[in-house]
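Enquirer: Build me a structure from this.
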Amino acid sequence: AAADAPSRAETERWLAQAQTAFKGGSHRQAMMLADKVLREVPTDPVALKIKGASACYLKEPNIARSAYVRLDATRRREVKQVCQQLGISLE
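Expert: Residues are numbered from 1 along each chain as shown. Have a look, this model is predicted:
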């Protein structure tokens, strides 16, 4: 890893902040933090889920879809539910 790469602890902190932001309704911030995590850990399922669901709140279906297709079946269902409630189809 590069010397300036964030530590695992830092990545975990961003993930926790993303979850807090999402729960608090700060979807733009949640998506930004999830993106920071995904730059370091491109397959992080929690970050992908936060990004997908946040994107639906922000009415960004293409961003939501790009996160959605990378998720496992269980998390896909969760994101799909959130998006459907907001009137966004991911299929």
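Enquirer: if I pick residue 6, what's in contact with it?
Expert: 14, 36, 40 (C-beta atoms under 8 Å, 6 or more residues apart in numbering). Any C-beta I mention is one placed from the backbone N, CA and C, and that applies to glycine too.
Enquirer: Give me the distance between the first one and residue 85.
Expert: Same thing as residue 14. Distance, residue 14 to residue 85, by C-beta to C-beta, to the nearest Å: 26 Å.
Enquirer: between these two, who's got more neighbours?
Expert: The neighbour count for residue 14 versus residue 85, taken as other C-beta atoms under 10 Å, is higher for residue 14 (22 against 9).
Enquirer: what's the helix or strand hosting that one packed up against?
Expert: Assessed by DSSP states H and E, residue 14 sits inside helix 8-23. Judged by 3 or more C-beta pairs under 8 Å, 6 or more residues apart in numbering; DSSP states H and E, helix 8-23 is in contact with helix 27-40, helix 45-57.
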